[in-house]
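Undergrad: After the sequence you'll find the predicted model.
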Protein chains: 2
Amino acid sequence: MVNAIDPQLTCSDSPNPGTGSTACGSVGVVKTQYFEFDEPLRLSSGQVLERYTLAVHTYGTLNPDKSNAVLICHALNASHHVAGISADDPNEIGWWDNMVGPGKPVDTDKFFVIGVNNIGSCFGSTGPASIRSETGKPWGAAFPVVTVEDWVMAQARLADRLGIERFAAVMGGSLGGMQALSWSITCPERVANCVVIASTPRLSAQNIGFNEVARRAIITDPEFHGGDYYAHGVVPKRGLSVARMIGHITYLSDDDMAEKFGRAQRAPAEDGAWRYGFDVEFEVESYLRYQGEKFSKYFDANTYLLITRALDYFDPARSSGGDLTKALAPTEASFLLVSFATDWRFPPARSREIVKALLNNATPVTYAEIDAPHGHDAFLLDDARYHAVVREYFKRIAKEVSHD
Amino acid sequence: MVNAIDPQLTCSDSPNPGTGSTACGSVGVVKTQYFEFDEPLRLSSGQVLERYTLAVHTYGTLNPDKSNAVLICHALNASHHVAGISADDPNEIGWWDNMVGPGKPVDTDKFFVIGVNNIGSCFGSTGPASIRSETGKPWGAAFPVVTVEDWVMAQARLADRLGIERFAAVMGGSLGGMQALSWSITCPERVANCVVIASTPRLSAQNIGFNEVARRAIITDPEFHGGDYYAHGVVPKRGLSVARMIGHITYLSDDDMAEKFGRAQRAPAEDGAWRYGFDVEFEVESYLRYQGEKFSKYFDANTYLLITRALDYFDPARSSGGDLTKALAPTEASFLLVSFATDWRFPPARSREIVKALLNNATPVTYAEIDAPHGHDAFLLDDARYHAVVREYFKRIAKEVSHD
């Protein structure tokens, strides 16, 4: 166990530290699979999605009794492309490639890992930018509002299709953690382990506030056209860019930004003089503008609205009058929760609320609070202590499902 | 001293607590005075402002030797209207009316208090919306970028005009505190006391990041027209509204927002069901939208850009290689610094940097860290402990300047 948290061993499963052997690698080139669902999906809103497609990646091999499946749920701007290199673009690496792969904490030599793009998103699953068969045009503003619970229902149908009755683990960070949590409540018999990282049982007023500002930036962009910008051949790039810039600030810690950018001047004159204008003066401005612009070129604005709204609505304790213990009572899973000290978006205190509710129910739970400097983004980064915790947890799961 | 921090005595100067006597009141109806300056003002940028007007309020009476003057510097969206009721609008109360007035912490029975609107602002002093005499049109984008140091120079000329050689105190909160700090460095012989509340010696990368997002929202609003929207008869309301919403979130603490709004639903249906859309669902959304819209109707967008930029540039230690101790060495003032525990915009740690630098120089400094729940906004609110600290500090100053 001590070896497992040795920072030198981030990518090694070797029982003999010091040998230098590492077993980790990439899942390689992966191709998106598309699953079509024709059975109507009744959504939380009461609206019905008549049919939908899910874009899916799988890594590793499903064992004969289908007990080694791990579902990875994505956060706001990610997709089913969890690990490996996209078959469509050799420059696209999965968003959790440091976590999922052969010899990695979620070891694809042992687990059959599924990444699924959620409905409402814009990476292959049915969403606002998809062509609606009834009209032959993009859904646009007509796409129904979806919730975390809706995503879980759609993912459950995918599990059915794959013949997976029970997941060895359902796992996610941030909004992905909410989906894992929701799975454990709504389909308790189907989740053996629930891994919730850098998440929260519900958004705070401040969280909702930031989401709302981002949405206002998008919706009030004249090129939004009430959500039907596709028909106008434009994209509300300005609004989407501002939304992303706001998001980025909330993903990083104050200290991390200070460390990364500080007050560093961007391309200063020889005498270090300011330009005295509103063009980029500071590195942090350049970074945020770049992130905003890049994002606005590939992400769908309606998806941004939908996913931030799903975040706002998520509140599994709402139906039990705010009693999270009661809300989590149905779960049959064991839990791993991880939070990060400098995450001010979903701080450790929010994870502790979940841990406390689980303990109240005498549900088995492992909790790690990692003193990482990278704010909310830490859940995506390769921190040795964090990965060691996940690795050890999945080693235990592997023992449970293994038939060797 | 104990009585002074009794929460029951927020507005009393009575030495006999329990008598129920309070001496505090309002400065009453106040009229703006306009001071014209024809001597060119050379700005930090090297640009020259040929002439300018300052909008000014004064409260109380200047004593014969002009030793009881207190200059109050304003923050981002405030003005010279510090206290009392505006002669132009009986609904307009000064932004620091709880702090300044007869019997209040800054007692106008003892002090001659000056509020001055800064150049670049939009409340009567020369700014981007002012008519430029050379062209007969609003300045717009041609208005030069101004800095905290430029404001101090403009304010110093006002002091000259009023015959005030030395202020009993220069005081401000947030950006106003930066001006007070700058006064103590650039005009050390003219500041007897420097009162710096909820401020910082320089913005962090995160602070600059939020400013930059706000500016991008404004500048990319198609109705901004490169800053010359006046000529188009429009205002970049959407961008300005988003900018203000972002600002508002940073002024409040997470806990304060949780307390004020939590996840409360706005006008819920009888069964409490969500509407499942992007209209207002949560009270916090309603609040932020309202604040944004209100602001966009009265505040000038170019002023927002200028003032956020002045915030970004402020860094008195820059010319001494980041050494704040060295930067503050010239000061001859005594200092009062106050910070607020839940202020995450300019947290206590930032005030402590200033305190430490002052102590390094053996400069007299009083520092109070107030455990108020209201975030950055606390500096504007009527917290008994906070006001007691300021009251006691100004009592001491009053003794120094009094000739009774």
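TA: Received, thanks.
Undergrad: Check what pLDDT residue A:207 gets.
TA: At residue A:207, the model reports a pLDDT of 98.
Undergrad: Run a quick neighbour tally on it.
TA: By the criterion of other C-beta atoms under 10 Å in any protein chain shown, residue A:207 has 23 neighbours. The C-beta positions use only the backbone N, C-alpha and C, and glycine is treated the same way.
Undergrad: Then the one 3 residues further on?
TA: Close neighbours of residue A:210, defined as other C-beta under 10 Å, add up to 23.
Undergrad: Return the distance of it relative to chain B.
TA: According to C-beta to the nearest C-beta, to the nearest Å, residue A:210 and chain B sit 6 Å apart.
Undergrad: so what's that residue up against?
TA: By C-beta atoms under 8 Å, 6 or more residues apart in numbering or on different chains, the contact set of residue A:210 is A:246-247, A:250, B:249.
Undergrad: among those residues, who's most crowded?
TA: residue A:246 leads the contacts of residue A:210 on contacts (other C-beta under 10 Å) with 27 neighbours.
Undergrad: Are there helices or strands packed against the host helix or strand of that one, and which ones?
TA: Per DSSP states H and E: residue A:246 is located in helix A:237-251. Counting contacts by 3 or more C-beta pairs under 8 Å, 6 or more residues apart in numbering or on different chains; DSSP states H and E, helix A:237-251 is packed against helix A:205-219, helix A:283-298, helix A:301-313, helix B:205-219.
Undergrad: Go through the ones you listed and name the closest to residue B:123.
TA: Residue B:123 sits nearest to helix B:205-219 of all those, at 18.4 Å, using C-beta to C-beta.
Undergrad: Mind listing what's buried along that closest one?
TA: In terms of neighbour count (16 or more other C-beta atoms under 10 Å in any protein chain shown), helix B:205-219 has its buried residues at B:205-219.
Undergrad: ok, back up a step: what angle sits between the helix holding residue A:246 and helix A:283-298?
TA: 130 degrees (axes from the mean of the first three to the mean of the last three C-alpha atoms, to 10 degrees).
Undergrad: in the stretch 51-200 of chain A, which spans are strands?
TA: A:52-59, A:69-73, A:85-86, A:100-101, A:106-107, A:112-116, A:131-132, A:137-138, A:169-173, A:193-197 (DSSP state E, counting those that start in this stretch).
Undergrad: ok, back up a step: what about the helix holding residue A:246, average pLDDT?
TA: The model assigns helix A:237-251 a mean pLDDT of 97.
Undergrad: how many degrees apart are it and helix A:205-219 in direction?
TA: 160 degrees.
Undergrad: that older thread, who wins for proximity to residue A:53 among the helices and strands packed on helix A:237-251?
TA: Evaluated over these, closeness to residue A:53 peaks at helix A:301-313, with 14.7 Å, by C-beta to C-beta.
Undergrad: May I have the closest one exported as PDB, CA atoms only?
TA: Output for helix A:301-313, consisting of C-alpha atoms alone and laid out as PDB, is shown next (Å, rounded to 0.1, in the frame of the first residue of the first chain):
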ATOM      1  CA  ALA A 301     -24.100  26.300 -27.700                       C
ATOM      2  CA  ASN A 302     -27.400  24.600 -27.200                       C
ATOM      3  CA  THR A 303     -25.600  21.700 -25.600                       C
ATOM      4  CA  TYR A 304     -23.900  24.100 -23.200                       C
ATOM      5  CA  LEU A 305     -27.300  25.300 -22.100                       C
ATOM      6  CA  LEU A 306     -28.700  21.800 -21.700                       C
ATOM      7  CA  ILE A 307     -25.800  20.500 -19.700                       C
ATOM      8  CA  THR A 308     -25.500  23.400 -17.400                       C
ATOM      9  CA  ARG A 309     -29.200  23.100 -16.800                       C
ATOM     10  CA  ALA A 310     -28.900  19.400 -16.000                       C
ATOM     11  CA  LEU A 311     -26.200  20.400 -13.400                       C
ATOM     12  CA  ASP A 312     -28.600  23.000 -11.900                       C
ATOM     13  CA  TYR A 313     -31.500  20.500 -11.600                       C
END
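Undergrad: what about it, near chain B?
TA: Yes: in terms of C-beta under 8 Å from any C-beta of the partner chain, part of helix A:301-313 sits within range of chain B, namely A:305, A:309, A:312-313.
Undergrad: Could you work out the most separated pair of the contacts of residue A:210?
TA: A:247 and B:249 (12.9 Å).
Undergrad: And the residue nearest the centre of chain A?
TA: residue A:75 (2.4 Å; C-alpha atoms, centre = their mean).
Undergrad: now the strands: where do they sit in the stretch 301-404 of chain A?
TA: Under DSSP E, counting those that start in this stretch, the stretch 301-404 of chain A gives strands at A:334-340, A:365-370.
Undergrad: wait, what's in contact with residue A:144?
TA: Per C-beta under 8 Å, 6+ apart, neighbours of residue A:144: A:43, A:45, A:47, A:49, B:276.
Undergrad: so how many other residues sit close to whatever residue of the stretch 1-150 of chain A ends up closest to chain B?
TA: For the stretch 1-150 of chain A, the residue closest to chain B is residue A:45, as judged by C-beta to the nearest C-beta, at 3.7 Å. Residue A:45 has 17 neighbours, counted by other C-beta under 10 Å.
Undergrad: what secondary structure does it sit in?
TA: Of the three states, residue A:45 takes coil under DSSP: H, G, I helix; E, B strand; the rest coil.
Undergrad: excluding its backbone neighbours, what's nearest it?
TA: Once flanking residues are discounted, residue A:45 sits nearest to residue B:276: 3.7 Å by C-beta to C-beta, 6 or more residues apart in numbering or on different chains.
Undergrad: what's the most buried one of the strands of the stretch 301-404 of chain A?
TA: strand A:334-340 (a mean of 26; mean count of other C-beta atoms under 10 Å in any protein chain shown).
Undergrad: Note down every partner strand of that strand and its orientation.
TA: Note on strand A:334-340: by DSSP bridges, its sheet partners are strand A:193-197 (parallel), strand A:365-370 (parallel).
Undergrad: In this structure residue A:250 contacts residue A:343, no?
TA: No: Residue A:250 lies out of contact with residue A:343 (C-beta atoms under 8 Å); the separation is 9.7 Å.
Undergrad: one step back: so the residue of the stretch 1-150 of chain A closest to chain B is in contact with residue A:145, correct?
TA: Yes: using C-beta under 8 Å, residue A:45 is in contact with residue A:145, at 5.3 Å.
Undergrad: so what sits against both of the two?
TA: Joint contacts of residue A:45 and residue A:145 (C-beta under 8 Å, 6+ apart) are residue B:276.
Undergrad: contacting residues for the spatially closest residue to residue A:150 that is not a sequence neighbour?
TA: Using C-beta to C-beta, 6+ apart and skipping the chain neighbours, the partner closest in space to residue A:150 is residue A:43 (4.8 Å). Residue A:43 is in contact with A:49, A:144-147, A:150, counting by C-beta under 8 Å, 6+ apart.
Undergrad: Nice, that's everything, thank you.
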